[in-house]
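> What shape does this take:
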Amino acid sequence: MGVTQKLKRAVRGEVTPTTAMLEAIRRARVSFQSNRERTTLKQAGQAVPDLLAPFARLTPAELLSHFRGRTSPSFLPGFSNESTGRRQQELFPDETAALLAAANRIVANHSWSLLGFPEQSFGVEINWCRDPLSGHVWPLSYHRDLQLIRDDGSDVRVLWELNRLGHLLTLIRARLVTGDERFSSECLTQLRSWSSQNPYGRGPNWTCAMEVSLRAVNLLTVFEVLRKLAQFTTEDLALFLGLFQQHGTYIRNNLEFSYLATSNHYLSDVVGLLWLGLMLPEFRAAQSWRQFGLRQVLSEMNKQVLPDGADFEASTGYHRFVLELFLYSFLLCRQNGVEIAPRYWDKLRAMLKYMRGYLRPDGLAPLIGDSDSGQVLPISRRRANEHAHLLSIGAALFADHELKGKQLDQELLWTMGEPGVAALRSLGAAGQVESQAFPDAGTYVMRHHDHYLCINTNGAGLHGRGSHSHNDALSLEVTVFGQPIIVDPGTYVYSADLHERHKFRSTAYHSTVRIDGEEQNTTEKAIPFVIGDEAHPRVLSWETSSEADRIVAEHYGYERLPAPLKHRRTVSFNKVEGWWLIEDQFFGAGEHDFETRFHFAPGLTVSVQGAKVVARTDSGDVGLEILPLDMQELPALETQASSCDYGQKRDSITACWHVAGHIEQLSWRLVPFRSSSLADEES
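Residues are numbered from 1 along each chain as shown. Got it, this is the predicted structure:
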């Protein structure tokens, strides 16, 4: 695809002519710089660390002594305190057993899991350029020449996960818990292997500054532990310093900035520079990395965090990821006396409150939009829908009991140390979460006790440009008596299977209405990260009280049909009696095909009983009836799939009512039940 075509595809959403011109100039400059970079790769890869004069003059032994004994800068307390390993065992005995078992498998078999895929062995000699899914070995070509989306079963996202080196955190935590040198030795062996196989600027692991940045964060964490050990040698120090020099240089020269929009990619880039600059003051470039990184991190917070605290990419999965970038970076800055203005701390707190607002009664997240299960600092392996552990850190950080979750999480111990654990324990219990509206995010949550309904009214994200959003306008998630019944299907994969990628973000995979077989927003299977902004949902009214909630919202994605239609959905929640009324209205002329779907959680028993559908847990104790109020057509049950983690999916059932004609309204009553109440009704 030529530059003109790429720019034409990129310029969508809210883009002014001036912005488009600046972007065209920027891309031309990047092309020129790329040609220059090709000629300097070998030099950059062989360059010795560019240290400040006082450190450059030290002998290798003196430099090692300096790094081994330095007390400033200060890293996240859990990784710096020798007592953390003991406290890990005391506070989390079961998790510690799992940690040590995982670390032993890494050492013995080079086996660990990536994202939601099953654990696998990477062989005696790990090939860091081999795609774990397809076996494809990526060439060591200049990084800008590689084609990342191949549609052959390979998935560069999975390869990148391997090369973020997050599994090394498992090894260093096991080292701190046990004192066993096998774990730290394995870290060093793998890093030597990685360095030898990944020459600077070549191959798939130097194609994306975001990936380089996230790897740098993990390397800094590993370095914080290893540098103090007696087994850490001058050669090991030289290895780390060389890697840090390469990572900082690459990020600064390959920033994923755009005048059209910046996203979690560019934010990751500048977070990487901030961390490198903070933790490596011995480097000549450290001050510029730190200052530029912090300035841009705060600038991106202004751009990417909406007034109600939501990330602007129309995705709860990326909200978690972006929150981690800000949260861990702010903690590191605070640890080193770097001042951040109160308004940014307020934004961080708002991000946590938004997360608390959308979590279901079971503590898991609705997976609105994309999620690739990415974690910034993978202390514990978390599925894509596990977000609550960040609230523990937030509660301790802000001394806010309303953010407090139901349990203590390992992440709090390792990021804030024992003071963080004590701070959390000093807080009172959180109150009941009430119905909440997040109008900037387009997320509206109706709650009463263990009943929960979330309706999604967000747009394409990125100011209309789209990237990680789905065709899910006016889609629902429903939980009854704490049991998820109607769910968002998640993401599954990106480039490994473009057909599945297309299905999981389609209208037909969400609990909303598809008309005439069309998508709410235009998508193309071959372009997995582009989505139109035709639907442009809008909320007309939102009301909440102790007795009832009601929302009226509409979207305009079907106004592009030959006979245009507007879809308006009204959801009313009777809290006293505990049921919902869904009213779908269609404004326009002509006859159309209407498909109304409700996508059920995996593991439920779903049956058709007359015109209604009943979904219940396998035990039969809890369930939901969906009863159409103004139609006689029988529903069909379809087998689709749901994914709560990247690369993982399970079969699930969708109920679909299909009607045709000039339809003005379709209505549904959603009634939760327990087995006892059902028995009473039958008797």
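
> Low-confidence stretches in the protein?
Where the chain drops to pLDDT under 70, the residues are 1-14, 676-683.

> Show me how the record splits it into domains.
1-39, 436-682 (automatic domain parsing).

> Now render these as TSV, adding mean neighbour count and distance to Gly69.
For glycine as for every other residue, the C-beta is placed from the backbone atoms N, C-alpha and C. What follows is these, written out as TSV (neighbours: other C-beta atoms under 10 Å; distance: least, C-beta to C-beta, whole Å):
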stretch	mean neighbour count	distance to Gly69
domain 1-39	13	37
domain 436-682	19	41
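
> a markdown table please, covering the ones you listed and showing distance to Asn302.
Formatted as a markdown table, the domains of the chain follow (distance: least, C-beta to C-beta, whole Å):
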| stretch | distance to Asn302 |
| --- | --- |
| domain 1-39 | 16 |
| domain 436-682 | 13 |
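
> now for those domains, which one comes closest to Asp311?
The closest of these to Asp311 is domain 436-682. By C-beta to C-beta, the value is 8.3 Å.

> show me where the stretch 551-683 of the chain has helices.
675-682 (DSSP state H, counting those that start in this stretch).

> what's the longest helix in the protein?
Secondary structure of the chain per DSSP state H: the longest helix is helix 17-38.

> Can you mark which positions in the helix or strand following it are buried?
Going down the chain from helix 17-38, the next helix or strand is helix 41-46, by DSSP states H and E. By 16 or more other C-beta atoms under 10 Å, the buried positions in helix 41-46 come out as Leu41, Ala44, Gly45.

> Would you confirm that the last one contacts Asn198?
By that I understand Gly45. No - using C-beta atoms under 8 Å, Gly45 is not in contact with Asn198; the gap is 9.5 Å.

> Show which residues not belonging to stretch 544-552 make contact with it.
By C-beta atoms under 8 Å, 6 or more residues apart in numbering, the residues outside stretch 544-552 that reach it are 434-435, 437, 444, 446, 455, 539-543, 568-576.

> how about the strands in the stretch 351-500 of the chain?
436-438, 443-448, 451-456, 475-480, 483-486 (DSSP state E, counting those that start in this stretch).

> Quickly run through the sheet partners of the first one, with directions.
Meaning strand 436-438. Looking at strand 436-438 with DSSP bridges, its paired strands and their directions are strand 443-448 (antiparallel).

> how many degrees apart are the partner strand and strand 475-480 in direction?
Interaxial angle, strand 443-448 versus strand 475-480 (axes from the mean of the first three to the mean of the last three C-alpha atoms, to 10 degrees): 20 degrees.

> was I right about Cys151 contacting Leu498?
No Cys there; residue 151 is Asp. Yes - with contact defined as C-beta under 8 Å, Asp151 counts as touching Leu498 (5.2 Å).

> list residues touching both of the two?
Ala526.

> hmm, back to that, give me the subset of the contacts of stretch 544-552 lying in strands.
Secondary structure from DSSP state E places 437, 444, 446, 455, 539-543, 568-574 of those in strands.

> Contacts only, for Glu386.
Going by C-beta under 8 Å, 6+ apart, the list of residues near Glu386 reads Leu364, Ala365.

> For it, name its beta-bridge partners.
Beta-bridge partners recorded for Glu386 (DSSP bridges): Leu364.

> quick one: contacts for the closest residue to Arg569 other than its chain neighbours?
Computed as C-beta to C-beta, 6 or more residues apart in numbering, the closest residue to Arg569 that is not its neighbour in sequence is Leu474, at 4.4 Å. By C-beta under 8 Å, 6+ apart, the residues touching Leu474 are Ile455, Asn456, Thr457, Thr512, Val513, Pro537, Ala553, Glu554, His555, His567, Arg569.

> Can you pull the phi/psi pair for the fifth one?
I take that to be Val513. Val513 has phi and psi values of phi -110, psi 130 when expressed as degrees, to the nearest 10.

> shift numbering so it begins at 506
Sure thing, new numbering starts at 506, so read that last one as Val1018.

> Report the separation between it and Leu913.
43 Å (C-beta to C-beta, to the nearest Å).

> do the same with the fourth one
Note on Thr1017: its distance to Leu913, by C-beta to C-beta, is 38 Å.

> now swap in Glu1024 and tell me
Distance of Glu1024 to Leu913, given as C-beta to C-beta: 44 Å.

> ok, now Arg952?
On the measure of C-beta to C-beta, Arg952 and Leu913 end up 24 Å apart.

> Who are the contact partners of Glu1096?
Ala1068, Ala1165, Gly1166, His1167 are the contacts of Glu1096 under C-beta under 8 Å, 6+ apart.

> go on, Tyr957?
Tyr957 makes contact with Arg865, Pro866, Val950, Met951, Glu982, Val983, Thr984, Val985 under the criterion C-beta under 8 Å, 6+ apart.

> hmm, try it at 10 Å
Tyr957 sits next to 863-867, 871, 938, 940, 950-951, 982-985, 987, 989-990, 1078 when contact means C-beta atoms under 10 Å, 6 or more residues apart in numbering.

> next one: Glu818
Glu818 touches 766, 768-769, 809, 824, 826-827, 874-875, 963, 965-967, 970-974, counting by C-beta under 10 Å, 6+ apart.

> Could you pull out the helices in the stretch 706-855 of the chain for me?
714-731, 739-758, 769-784, 791-809, 821-840, 847-863.

> hmm, back to that, closest one to His752 among the domains of the chain?
Of all the domains of the chain, domain 506-544 comes closest under C-beta to C-beta, at 15.3 Å.

> picking that back up, for the helices of the stretch 706-855 of the chain, please prepare TSV with the additional fields mean neighbour count and distance to Leu563.
Output for these, formatted as TSV (neighbours: other C-beta under 10 Å; distance: least, C-beta to C-beta, whole Å):
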stretch	mean neighbour count	distance to Leu563
helix 714-731	24	18
helix 739-758	20	11
helix 769-784	25	18
helix 791-809	18	16
helix 821-840	23	26
helix 847-863	19	37
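
> Could you provide those helices in JSON lines, with additional columns for distance to Leu917?
Below are the helices of the stretch 706-855 of the chain laid out as JSON lines (distance: least, C-beta to C-beta, whole Å):
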{"stretch": "helix 714-731", "distance to Leu917": "16"}
{"stretch": "helix 739-758", "distance to Leu917": "27"}
{"stretch": "helix 769-784", "distance to Leu917": "20"}
{"stretch": "helix 791-809", "distance to Leu917": "22"}
{"stretch": "helix 821-840", "distance to Leu917": "11"}
{"stretch": "helix 847-863", "distance to Leu917": "13"}
